[in-house]
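sequence first, predicted coordinates after that:
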Amino acid sequence: MPRKAQTESVADADAAPGGAAAVDRALSLLGAFRAGDTGLPLAELAERTRLYKSTALRLLASLEHAGLLQRLEDGRYTLGNEVARLHSIYAASFSLDHLVLPELRRLVKATGESAAYHVRQGQGADAVRLCLYRVDSPHPIRDHIRAGDILPMSRGTGGRVLSAFDPAFAKSGSTADRKLLASIRERGFHAANGDRLAEVAGISAPVFHADGGIAAAVTLTMPSHRYDERYVKPVLEAARRLSGKV
């Protein structure tokens, strides 16, 4: 017979009426992740959830199989890409729509170029950025990113801005990377040509939460031959209007 825990687990202490105990315990492992966690070892997860390591390990295997968690090379666990997919579905119906989309449309109207809103998903080396919202340029020649697309953190102006203002990334990478991120923080935006795709230029600025933490990056993209440094101003204005509202 399985041992009875001397200390009640977090899930058992707040079990769903009529629910399944195994599901409650698995969800408590997801709920153990806190802001700033780049990966948690089995021992830490077991401690935070008050589950036996053997129980936690079985549940972690199921969560990993479902893509809700992933196991890093060093044995730690972090949130998986399925969390990002579910978040994008949730965000599509969330109230951010009426805040972000009008700003992106205003930016497109002012510049004639494509505007997007990127957020970080995941932790550490496995982090990516999600294009949460996108308003296309009316020009037939443009880049073709769509809302819901996953893009790298290490390339493109949106990824650079998200990295520059996130303490988890700002001091990582090569010396050249750190210098670039420091210069982005100093200027408050980033503009580049061909950073992610050849012949595509971008301008990005950070959007901040009311507490000062990085929330997203507003990005304007265009073919290189249509790049205009005057577009920096409307990008910065859009980011400032959104900061504190998200």
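Cool, got the structure. Numbers count the residues shown, from 1 in each chain.

so which other helices or strands are in contact with the lengthiest helix in the chain?
Identified as the longest helix of the chain according to DSSP state H is helix 97-111. Judged by 3 or more CB pairs under 8 Å, 6 or more residues apart in numbering; DSSP states H and E, helix 97-111 is in contact with strand 114-121, strand 128-135, strand 214-223, helix 232-242. (Each C-beta comes from the backbone N, C-alpha and C, glycine too.)

quick one, which of the ones you listed is nearest to Arg155?
strand 128-135 (10.0 Å; CB to CB).

mean confidence score for that closest one?
Across strand 128-135, the average pLDDT comes to 94.

of all the residues in the very next helix or strand once past it, which ones are buried?
Going down the chain from strand 128-135, the next helix or strand is strand 150-152, by DSSP states H and E. Applying a neighbour-count criterion of 16 or more other CB atoms under 10 Å, one finds Leu151 buried in strand 150-152.

pull the distance from strand 150-152 to the chain's centre.
In terms of CA atoms, centre = their mean, to the nearest Å, the centre of strand 150-152 is found 10 Å from the chain centre.

now Ala26: closest residue in space that isn't a chain neighbour?
Computed as CB to CB, 6 or more residues apart in numbering, the closest residue to Ala26 that is not its neighbour in sequence is Leu59, at 4.5 Å.

just how off-centre is the host helix or strand of the one you found within its chain?
Assigned by DSSP H and E, Leu59 belongs to helix 53-65. Centre-to-centre, helix 53-65 and its host chain are 25 Å apart (CA atoms, centre = their mean).

that older thread, neighbours of the residue nearest to Ala26, just the number please.
22 (other CB atoms under 10 Å).

Ala61 now?
Ala61, neighbours per other CB under 10 Å, totals 12.

please apply the same query to the one 5 residues further on.
For Ala66, the neighbour count with other CB under 10 Å is 11.
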